[in-house]
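Participant: Sequence unavailable; structure follows:
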Ligand SMILES: Cc1ncc(COP(=O)(O)O)c(C=O)c1O
Ligand SMILES: N[C@@H](Cc1ccc(O)cc1)C(=O)O
């Protein structure tokens, strides 16, 4: 088989350094065993997130100089607006500083106390905004999405039976919209098929319910459609993206992921009345409707990045780099969420550390152990991320208990992936030695960001030299 390489060459580099083991131990202690609290200087390969960590192209860096920093009516805004309209087909766009700014506006405008918001698995910030506005998130993803070993092409699909049952039970007037994430972050970066998007949209239309996409990783989703869905193989990614969005009434977007920038986002829709309200609200939370929390240069870079993201060669390499890491781990027998998703490889921490109870925070422990082993930073995506139940105050115990190795776009080479694979495999071979953690400090909302832990026994990895 002929091998392929990165579809770009490197023009600027940022040196990496690695602390020694003793220094990593100290850094981890200072961070309360929470990888979110590590200083980036203490990290060797940073796989915490693919959010805002993208490398920009020469064209994007050039575009920064073209930013129109006018307070109102910036021409950079019109460029971004046109890009969104062109690529996604929506009529109206409201800029926001990042994805959660758009989630805030959408949730405030559409959700009334007592409403239900179905979605294909929760996302932390999305659900937080829904709940802060008195809504209740209802998971309507297919059951297989909660099973790390279920091999399905479109594991992010909406379960139409679950959705219809909810509509029957609570009534369409209690459902302001359905939130469909493409791809599904918390399921392992799993895609939704075009057919499922169509069916979901049709069902919602029958009941007069809007469909709002969480479009954050929509280009990655389009790649999986091109690769896996019948009849889509020879179509350009741009056309598939456009087709996906036909099955929605609007979207929230974090520009920090697929649009290939470090900050930015937007809310888009076809409904003029909703757009008018959003223009009123955006000035309270983000800024003028012609910048919404972004500098003119950010909007230039994002408009350019959006076009680069739909380049077929770029997106193929992107998905295949993530898969390259995942396949090395699978070959070594490391339990990972299957199939490998779009933005990250997810370790199945429940299977990896089967000797730890859920309340010993296996994913948090594994993320800490990985940092200790090699300076690789990953993210807990399990019981800590899931927070507590609003009513019972018990931990939400999600079926998936995972550590996410998230690959920033255009930042690392496959050699970095090899180093990460070696470290994970090394840990897997001595997994019984990894101890659990206890939580010493627990913030009331989105606790995973700032929580602090300590090892249950005196060291995180027993018998470690
Ligand atoms: C699926 C998904 N939706 C929404 C968001 C929110 O975006 P942002 O980080 O730009 O606020 C993120 C990341 O945070 C995400 O991964
Ligand atoms: N959306 C980003 C940043 C983020 C991380 C964790 C969160 O729970 C919320 C936001 C990500 O998925 O990496």
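Facilitator: Received it, and whenever you're ready, just let me know what you need. Please read these numbers as outputs of a predicted model, since none were measured by experiment. Residues are numbered from 1 along each chain as shown. Ligands and ions are numbered 1, 2, ... in the order given.
Participant: who does the closest residue to residue 200 other than its chain neighbours bridge with?
Facilitator: In space, residue 200 comes closest to residue 158 once its chain neighbours are excluded; the distance is 4.7 Å by C-beta to C-beta, 6 or more residues apart in numbering. Every C-beta, even on glycine, is put in place using the N, C-alpha and C of the backbone. Applying DSSP bridges to residue 158 gives these bridge partners: residue 141.
Participant: Test my guess that residue 158 contacts residue 192.
Facilitator: Yes: distance between residue 158 and residue 192: 7.1 Å, which falls inside the contact criterion (C-beta atoms under 8 Å).
Participant: residues bridging contact with these two, i.e. touching both?
Facilitator: Common contacts of residue 158 and residue 192 (C-beta atoms under 8 Å, 6 or more residues apart in numbering): 120, 180.
Participant: what residues are up against the most centrally placed residue in the chain?
Facilitator: The centroid of the chain falls nearest to residue 185 when counting by C-alpha atoms, centre = their mean (4.4 Å). Counting by C-beta under 8 Å, 6+ apart, residue 185 touches 123, 216, 217, 343.
Participant: returning to what we had before: tell me how far the residue nearest to residue 200 lies from residue 403.
Facilitator: Distance, residue 158 to residue 403, by C-beta to C-beta, to the nearest Å: 26 Å.
Participant: what's the closest of the contacts of residue 185 to residue 387?
Facilitator: Lowest distance from residue 387 to the contacts of residue 185 (C-beta to C-beta) belongs to residue 123, with 12.2 Å.
Participant: Ligand 2 contacts on the stretch 1-150 of the chain?
Facilitator: The stretch 1-150 of the chain comes close to ligand 2 at residues 49, 51, 124, 125, as judged by C-beta under 6 Å from any ligand atom.
Participant: burial count for the third one?
Facilitator: What that stands for is residue 124. Counted with other C-beta atoms under 10 Å, the neighbours of residue 124 add up to 18.
Participant: Figure out how far the helix ranked longest in the chain is from the centre of its chain.
Facilitator: When the chain is parsed with DSSP state H, its longest helix is helix 312-331. Distance, stretch centre to chain centre, for helix 312-331: 17 Å (C-alpha atoms, centre = their mean, to the nearest Å).
Participant: Next one: it, is it in contact with ligand 2?
Facilitator: No: using C-beta under 6 Å from any ligand atom, helix 312-331 never reaches ligand 2; the gap is at least 13.7 Å.
Participant: for that helix, packing partners?
Facilitator: Using 3 or more C-beta pairs under 8 Å, 6 or more residues apart in numbering; DSSP states H and E, the elements in contact with helix 312-331 are helix 218-228, strand 344-348, helix 414-429.
Participant: quick one: the shortest one to helix 312-331, angle?
Facilitator: On the basis of axes from the mean of the first three to the mean of the last three C-alpha atoms, to 10 degrees, strand 344-348 is oriented at 20 degrees to helix 312-331.
Participant: show me the contacts for the nearest residue to residue 226 once chain neighbours are set aside.
Facilitator: For residue 226, ignoring the flanking residues on the chain, the nearest one in space by C-beta to C-beta, 6+ apart is residue 232 at 5.2 Å. Counting by C-beta under 8 Å, 6+ apart, residue 232 touches 194, 225, 226, 240.
Participant: Format those residues as JSON lines; extra columns: neighbour count.
Facilitator: Output for those, formatted as JSON lines (neighbours: other C-beta atoms under 10 Å):
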{"residue": "194", "neighbour count": "22"}
{"residue": "225", "neighbour count": "26"}
{"residue": "226", "neighbour count": "22"}
{"residue": "240", "neighbour count": "21"}
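Participant: Looking at these, spot the one nearest residue 73.
Facilitator: residue 240 (33.6 Å).
Participant: List the contacts of the host helix or strand of the closest one.
Facilitator: In this structure, residue 240 sits in helix 237-245 according to DSSP states H and E. With C-beta under 8 Å, 6+ apart as the test, helix 237-245 has contacts from 87-90, 182, 194, 197, 213, 215, 218-219, 221-223, 225-226, 232, 251, 310-312, 315.
Participant: where does the chain dip in pLDDT?
Facilitator: Along the chain, segments meeting pLDDT under 70 span 458-459, 462-465.
Participant: Helices of the stretch 251-400 of the chain, start to end?
Facilitator: Shown for the stretch 251-400 of the chain, the helices assigned by DSSP state H, counting those that start in this stretch span residues 272-285, 296-309, 312-331, 349-352, 362-374, 383-386.
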